[in-house]
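Student: Predicted structure and sequence below. I'll ask about it afterward.
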Amino acid sequence: MATSKDYQLVNHLIQQTAERQIKWEPTATEMQFATTLKGKYVITVDKTFSRVSQPSYWMTMTDSSGREMLRLTHSDMGQVSTLYDQIERVALNVDAAIDEIVGDGGILS
């Protein structure tokens, strides 16, 4: 069950990601992004698909020793999927790609 501090953290990550204040990197694991905060906390956000093709999202926070401190799923808090979507958009430069397509005046150029 998510606490008010958990909501505060996830909402902070969403806001800071939207403002490009957090640098997320894709990891070697498909559909996983990671960042390090304060030089000692690693946040990873993942997306997978179940057998019925419904996406599952989760966020994990580990300390500098690799111990898992927090794990939240989209079932615990819907904002986890929002965070993943925001991270993916920023990390993959979706807006820049759209600007390039639209700015050229034609999709086929």
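Tutor: Sure, I can see it.

Student: any idea which element residue 15 lies in?
Tutor: Using DSSP states H and E, residue 15 maps to helix 4-18.

Student: just the helices in the chain please.
Tutor: Ranges of helices within the chain are 4-18, 79-91, 94-103, based on DSSP state H.

Student: Tell me which of the ones you listed sits most buried.
Tutor: helix 79-91 (a mean of 20; mean count of other Cβ atoms under 10 Å). From N, CA and C alone the C-beta is placed, and that goes for glycine too.

Student: what helices or strands is that helix leaning on?
Tutor: helix 4-18, strand 32-37, strand 41-49, strand 55-62 (3 or more Cβ pairs under 8 Å, 6 or more residues apart in numbering; DSSP states H and E).

Student: Mind checking those for the one nearest to residue 88?
Tutor: strand 32-37 (7.0 Å; Cβ to Cβ).

Student: next one: the closest one to chain centre, how far?
Tutor: Centre-to-centre, strand 32-37 and its host chain are 8 Å apart (Cα atoms, centre = their mean, to the nearest Å).
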